[in-house]
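K.L.:
got a sequence here, can you model it:
(one chain, ligands or ions: 2)
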Amino acid sequence: MTSTLVTGIAELTTCRSDVDDHVGPDRLGLLTDAAVVVEDGVITWVGAGREAPDCDAVVDVGGRAVVPGFVDSHSHLVFAGDRSAEFAARMTGAAYDGGGIATTVSATAAAGDDELRALLAKRLAELRSQGTTTIEVKGGYGLTVEAEARLLRLALEVTPETTFLGAHVVPPAYATDRAAYLDLVTGPMLDACAPLARWADVFCEPNSAHAFDGEESRAVLEACAAAGLLLRVHGNQLGPGPGAQLAVELGAASVDHCTFLSDDDVEALAGAAGTTSATLLPGVEFSTRMPWVDARRLLDAGLDVALASDCNPGTCNTTSMPFVIALAVREMGMTPAEALYAATAGGAKALRRDDIGRVEVGRAADLTVLDAPSYLHLAYRPGVPIARAFDL
Ligand SMILES: N=CN[C@@H](CCC(=O)O)C(=O)O
Ligand SMILES: [Zn+2]
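P.N.:
Residues are numbered from 1 along each chain as shown. Ligands and ions are numbered 1, 2, ... in the order given. Next up, the predicted model:
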């Protein structure tokens, strides 16, 4: 077994798991002048550089900061086509209602497997070059049995965190018979997709004619859970709705977006801390001109908060977690420490993964190096490509 010493770390963010400090300064578990030992992709030692053991190989990062690789727990990475005109229209006042998803469904259907693979590979290289080491990938741009299974097969080639999202929107052909589409999703589509997915998700949004109301969402989620899938929910994105409380009731790992949460929703999510995270997607607010989420309110109430990109062609076409962190700090009231924690350990929790998201002995050696002396630069130098996943 070859051991590699990563040394010269000016500041190491560990996100140590032994600190039960929800919003305080200790949460990041910062070490200065630190080193990490990696063997076979696993962290075997963390500590002060001067105390580091001898190793077979040495990598000196030259006084840079190192953080846990970002865990991006929400993306729609398998798609073809372009909706930049829809984005431009929103910047001059048009509202987002999910109707544009049909455009991406058509463009994706027209793309062959190799074309989708190439698009996926390009996006993966892009996100890794910005520090992301784990990505969740949803289907949802197929909406037929074969097409949803195809998207999940392609997603599974690049990540174990795949999510069945047949209930993304009701396809136009089923607009007058929504029940028939729900039968398809909870029947043959689920049968074909369950072996290809770890998770199931639904766009629970009574404020959109294209998405699913509370009862429809419940039917989908219950069928998926019965098929052995773990649950996550798109909820409370376009207005108040039942998504957050449904996620809590059904023990989902996360409700994502959370743009419009009532006090009751926040209370329910606070009571579900440890089980159901609130995943915030500030890039969506940026690209849709929806109101910024008050993350301070959620953190102070004791919620488990994660940050993710939601990379998709409609509401947020970015793979950049540093951009997401910068927005969360500037516009959502998170401290730089809280935002980094939410983008690493918070994302891992939202994916129910205890092997990633922190720099601790026994965890995967998913490290991200910053071309900067401190993690503070993630928000302090927005738009500057300082983060990259470390190849060890
Ligand atoms: N809201 C639902 N799904 C995506 C957007 C999909 C699209 O518009 O293409 C989201 O998370 O925002
Ligand atoms: Zn999404």
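K.L.:
who in this structure is up against ligand 1?
P.N.:
76, 98, 100-101, 104, 203, 234, 237, 284, 310, 312-315 (CB under 6 Å from any ligand atom). The way it works is simple: take the backbone N, C-alpha and C, and place the C-beta from them, glycine included.
K.L.:
quick check: of these, which has the highest neighbour count?
P.N.:
His234 (30 neighbours; other CB atoms under 10 Å).
K.L.:
how near is that one to Asp201?
P.N.:
6 Å (CB to CB, to the nearest Å).
K.L.:
kindly report the same for Asp355.
P.N.:
22 Å.
K.L.:
so for those two, which residue has more residues nearby?
P.N.:
Neighbour count, other CB under 10 Å: between Asp355 and Asp201, Asp201 has more, with 31 against 13.
K.L.:
any idea whether the more buried one is helix, strand or coil?
P.N.:
strand (DSSP: H, G, I helix; E, B strand; the rest coil).
K.L.:
contact partners for it?
P.N.:
Listed by CB atoms under 8 Å, 6 or more residues apart in numbering, the contact set of Asp201 reads 138, 140, 163-165, 167, 231-234.
K.L.:
recalculate using a threshold of 10 Å.
P.N.:
By CB atoms under 10 Å, 6 or more residues apart in numbering, the contact list for Asp201 reads 74, 76, 136, 138-140, 163-168, 217, 220-221, 224, 229-234, 252, 254, 256.
K.L.:
residue contacts, Gln245?
P.N.:
Taking CB under 10 Å, 6+ apart as the test, what Gln245 contacts is 214, 233, 235-236, 255, 261-262, 264-265, 267-269, 272, 276.
K.L.:
of those residues, just the buried ones, ChimeraX syntax please.
P.N.:
In ChimeraX syntax, the buried subset of the contacts of Gln245 is picked out as below (16 or more other CB atoms under 10 Å):
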select :214,233,235,236,255,261,265,267,268,269,272,276
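K.L.:
let's see which of the contacts of Gln245 end up in strands.
P.N.:
Using DSSP state E, the members of these that fall in strands are 233, 235, 255.
K.L.:
now do the first one against Gly347, distance only.
P.N.:
So that's Val233. Noted for Val233: a distance of 16 Å to Gly347, by CB to CB.
K.L.:
what ranges do the strands span in the stretch 251-392 of the chain?
P.N.:
254-257, 277-280, 305-307, 367-370, 387-389 (DSSP state E, counting those that start in this stretch).
K.L.:
hmm, Ala209 and Gly98 touching each other?
P.N.:
Yes - judged on CB atoms under 10 Å, Gly98 makes contact with Ala209 at a distance of 8.2 Å.
K.L.:
ok so, going back, which of the contacts of Asp201 fall in helices?
P.N.:
217, 220-221, 224 (DSSP state H).
K.L.:
turn these into a markdown table, including pLDDT and neighbour count.
P.N.:
A markdown table is the format used below for these (pLDDT from 0 to 100; neighbours: other CB atoms under 10 Å):
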| residue | pLDDT | neighbour count |
| --- | --- | --- |
| Ser217 | 98 | 28 |
| Val220 | 98 | 26 |
| Leu221 | 99 | 27 |
| Cys224 | 99 | 27 |
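K.L.:
of all these, which two lie farthest apart?
P.N.:
Across these, the longest distance by CB to CB is 10.6 Å; it joins Ser217 and Cys224.
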